[in-house]
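**Student:** Give the three-dimensional model of this entry:
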Amino acid sequence: MNTPARQTCNMATISLVLGILSWCVLPFVGAVAAIVCGHMARAEIRRSQGALDGDGQAVAGLVLGYVHIGVLTLIVIAAMLFFGGILALLAGLGLSGHLH
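**Tutor:** So this is what the prediction gives:
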């Protein structure tokens with residue numbers, strides 16, 4: 001009773017690879033692409049009615065992509081608050097007119 005192995009969805013593998021690359025090489029673009037590919041892969045796997053495997057890979061790619069976007073958002077907000085605080089401090093000292 002050998003049951004044939006299910007084929008892994010290529011889009012799920014691409015999503016996982018892009019999710020990993022978003023943390024190493026492709027910061028923002030890789031994360032967005034991992035999210036898009038992950039959603040496409042999960043839809044394709046659902047439509048295959050059990051013929052395709054790889055939902056775990058797709059979910060991992062989605063998680064990596066969404067977490068990366070979240071971390072980037074927090075970094076941007078922190079940078080804005082930090083540099084905005086410095087400018088506010090300089091303005092309070094009367095030095096902001098000398099920055100132009």
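**Student:** What residues of the helix or strand encompassing Gly56 count as buried?
**Tutor:** Here Gly56, judged by DSSP states H and E, is contained in helix 55-92. Using 16 or more other CB atoms under 10 Å as the burial criterion, the residues of helix 55-92 that qualify are Asp55, Gln57, Ala58, Val59, Ala60, Gly61, Leu62, Leu64, Gly65, His68, Ile69. Placement of C-beta: from N, CA and C, glycine included.
**Student:** Of the residues you listed, which is the nearest to His39?
**Tutor:** Closest approach between the buried residues of helix 55-92 and His39, by CB to CB: Leu62, at 7.0 Å.
**Student:** Give me the nearest residue to the closest one, chain neighbours excluded.
**Tutor:** Gly38 (3.7 Å; CB to CB, 6 or more residues apart in numbering).
**Student:** and the helix holding Gly56, how far from the chain's centre?
**Tutor:** Distance, stretch centre to chain centre, for helix 55-92: 12 Å (CA atoms, centre = their mean, to the nearest Å).
**Student:** What of stretch 75-94?
**Tutor:** 28 Å.
**Student:** same thing with stretch 11-27?
**Tutor:** The chain centre lies 8 Å from the centre of stretch 11-27; the measure is CA atoms, centre = their mean.
**Student:** what helices or strands is the helix holding Gly56 leaning on?
**Tutor:** If you count contacts as 3 or more CB pairs under 8 Å, 6 or more residues apart in numbering; DSSP states H and E, helix 55-92 packs onto helix 10-24, helix 27-47.
**Student:** Deepest-packed of those, please.
**Tutor:** Among these, ranked by average contacts under mean count of other CB atoms under 10 Å, first place goes to helix 10-24 (a mean of 20).
**Student:** tell me the angle it makes with helix 27-47.
**Tutor:** On the basis of axes from the mean of the first three to the mean of the last three CA atoms, to 10 degrees, helix 10-24 is oriented at 160 degrees to helix 27-47.
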